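A.B. asks: just need the structure, nothing else, for what follows:
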Amino acid sequence: MRSVVRRTWRKVGAGDYEAAVAMAAPDVRFRFVGDTALGADVRGRDAFRAWFARFEERLPGVRLRLVDVVANGWPWNTKVAVCLQVVGTLRDGTPYRNLAMQWVTLRWGRMVDDVVVEDTLKLDAALRGSEA
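C.D. replies: As a prediction, the model looks like this:
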């Protein structure tokens, strides 16, 4: 399962967010933890896709780079931990670097639950700067 996650993250890291949406179950629950403009607790592929659109709109050119993946469990209940670097240049030319952790539950290769935690102080400052 690690190889599937790595392959998907390579696509997502190149800006192909639809690769993550395609891996999601129709009723996926996605949470992006924190009280920022990107904070979310949504259900379903359409809402998941809409979050990526919001991410791209607010932080164009910022990309998610896979650092490491740990996967364990049976095909019907696989737990995946992912470490990501969040890197890019903000609209004002400021470099943006952050770290995010993701906790995913897969059932038969479909993402049913996805929780992402990023340093919200850095993220909020970047988002506030991107509004200018």
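A.B. asks: buried sites along the helix ranked longest in the chain?
C.D. replies: Across the chain, the longest stretch assigned as helix under DSSP state H is helix 45-58. Using 16 or more other C-beta atoms under 10 Å as the test for burial, helix 45-58 gives 45, 48-49, 51-52, 55, 58. All C-beta atoms are positioned from the backbone trio N, CA, C, and that covers glycine.
A.B. asks: my guess is residue 68 contacts residue 80, does it?
C.D. replies: No - the pair residue 68 / residue 80 is not scored as a contact, 11.0 Å apart, by C-beta atoms under 8 Å.
A.B. asks: settle it for me: which of these two has more neighbours?
C.D. replies: More neighbours surround residue 80 than the other of residue 68 and residue 80, with 20 against 10 (other C-beta atoms under 10 Å).
A.B. asks: got a list of what the nearest residue to that one once chain neighbours are set aside touches?
C.D. replies: Excluding the flanking residues, the one nearest residue 80 by C-beta to C-beta, 6 or more residues apart in numbering is residue 104, at 4.2 Å. Residues near residue 104 by C-beta atoms under 8 Å, 6 or more residues apart in numbering: 5, 79-82, 111, 113-115.
A.B. asks: which among those count as buried?
C.D. replies: Here, 16+ other C-beta under 10 Å leaves 5, 80, 82, 111, 113-114 buried among those.
A.B. asks: what's the farthest-apart pair in these?
C.D. replies: 5 and 113 (14.1 Å; C-beta to C-beta).
A.B. asks: helix or strand right after the longest helix of the chain?
C.D. replies: Using DSSP states H and E, the helix or strand that follows helix 45-58 in sequence is strand 63-74.
A.B. asks: ok, and what's touching that following strand?
C.D. replies: 1-2, 5-6, 9-10, 12-15, 78-88, 100.
A.B. asks: PyMOL command to pick out the buried ones of these?
C.D. replies: Here is the PyMOL command that selects the buried residues among those (16+ other C-beta under 10 Å):
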select buried, resi 1+5+9+12+13+78+80+82+84+86+88+100
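A.B. asks: which strand or helix spans the residue nearest to residue 80?
C.D. replies: Short version, using DSSP H and E: residue 104 is in strand 95-107.
A.B. asks: many thanks, have a good one.
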